[in-house]
Structures are given as structure tokens and as C-alpha cells.
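Participant: A predicted structure for the sequence below; I have some questions about it.
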Amino acid sequence: MHTAALVLADGARLGVRPISPDDRDTFSSWFGRLTPESRRRRFHGPKPKLSARELTYLTEVAHVTHTALMAVDDQGRMVGEARYATAHPASRTADFAITVADAWQGRGVGTRLAARLVEAARANGMTRLTALTLWDNTAAIGLLHRLGFLRAGYDGDAIEYELAL
């Protein structure tokens, strides 16, 4: 599997590659290391664990209408993931999500990984990405603004954003 370099502002290097079904245990372990707050921000509510069905959905992706990239450190440990998925196979609009391990937050992992995902979405023919983030997730709001996402509306406790590709 091809792994490309992701270089952070502080010089740290991470590998970035498409997620695969072989990453199921790695993904599950990574999710278990996230703080409850990071899980709440990603799933918009308490999420103590992932079901078998959710792990399958998150790791067995076609890499066209649903793709996910993962960032790994020099020990091969997962430190972040970014993904998009369409609601319908014929759709060219996809939902965007990103999560970075707590110890790596604030170092530019999310920004760089998200930029790679936007490139992949364009290459796969997506025309629009949408994102939903909680009102209090200022880091995600900042990331979406840096990527060019514009506020598109509100949904309860969350803000909707979109990016034309």
C-alpha cells in the first residue's frame, strides 16, 4: 500500500495512505485512545465504542464515493483520519469528517490530512463537500474556514458547512 509523507510545520513526518480492511484493528485501537471529548466532537454525542458494523463501514471503503485517508507515525500508529462519503452512489456531493488523536491536535495534522482528502474528492469527481460540526468545536470551525468551506446553515447544536470543488 502506497504511503506518502505528510510533513508538519515542526518538521515531524507522518505517513498518509488510504485506509483498508486490514486496518480494522488499528482503527479500533486508535478510536479507543481518543478522549471522550474527541469522540463527542466527531460523532456529535457520547460514543464510548464502535460496533462491528461501524468498524466495517469505516474501514471497508471503495475509495471513490467513500474514501478515507489515515495518518500514521513512524511506529505505524494511527494518529488521524479524514474521510468523505456520499449518501447515494450517483451523488457528487459528499459528507466530510476528520479526527486527529488528542496528542497530535494543534500541530497541523488535520489541516494537511484534510487538504489531501479534498484533492482526492476532486480527483474522484466530487463537486461539493459538506461538513457538520458542533458549535463549540472551534478547532474544526477554524479548519473548515482554512480549507475554504462556507457556512451553509444550522442543524440543532451544529453548524453546516460546504465547499464547492
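Facilitator: Everything's here; your move. Residues are numbered from 1 along each chain as shown.

Participant: Tell me where the chain has helices.
Facilitator: Along the chain, counting by DSSP state H, helices occupy 24-33, 36-43, 52-59, 109-123, 138-147.

Participant: Could you check these and tell me which one is nearest V72?
Facilitator: When the helices of the chain are compared for distance to V72 using Cβ to Cβ, the nearest one is helix 24-33, at 8.3 Å. Quick note: C-beta positions are derived from backbone N, CA and C, even for glycine.

Participant: Compute the inter-axis angle for the closest one and helix 36-43.
Facilitator: When axes from the mean of the first three to the mean of the last three Cα atoms, to 10 degrees is applied, the directions of helix 24-33 and helix 36-43 differ by 120 degrees.

Participant: Hey, what's the angle from helix 24-33 to helix 52-59? Just curious.
Facilitator: 110 degrees.

Participant: coming back round to it: compare the helices of the chain and give me the one nearest A71.
Facilitator: helix 109-123 (5.3 Å).

Participant: Show residues contacting the closest one.
Facilitator: For helix 109-123, contacts defined as Cβ atoms under 8 Å, 6 or more residues apart in numbering pick out 4, 6-8, 14, 16, 63, 67, 69, 71, 79-84, 94, 96, 98, 100, 129, 139, 143, 146-147, 163, 165.

Participant: still on that earlier bit, make JSON lines from the helices of the chain and add mean pLDDT to it.
Facilitator: Listed next are those as JSON lines, based on pLDDT from 0 to 100:
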{"stretch": "helix 24-33", "mean pLDDT": "95"}
{"stretch": "helix 36-43", "mean pLDDT": "94"}
{"stretch": "helix 52-59", "mean pLDDT": "96"}
{"stretch": "helix 109-123", "mean pLDDT": "95"}
{"stretch": "helix 138-147", "mean pLDDT": "95"}
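
Participant: Any idea which of those gets closest to Q75?
Facilitator: Closest among those, using Cβ to Cβ: helix 24-33, at 11.5 Å.

Participant: Fine by me, thanks again.
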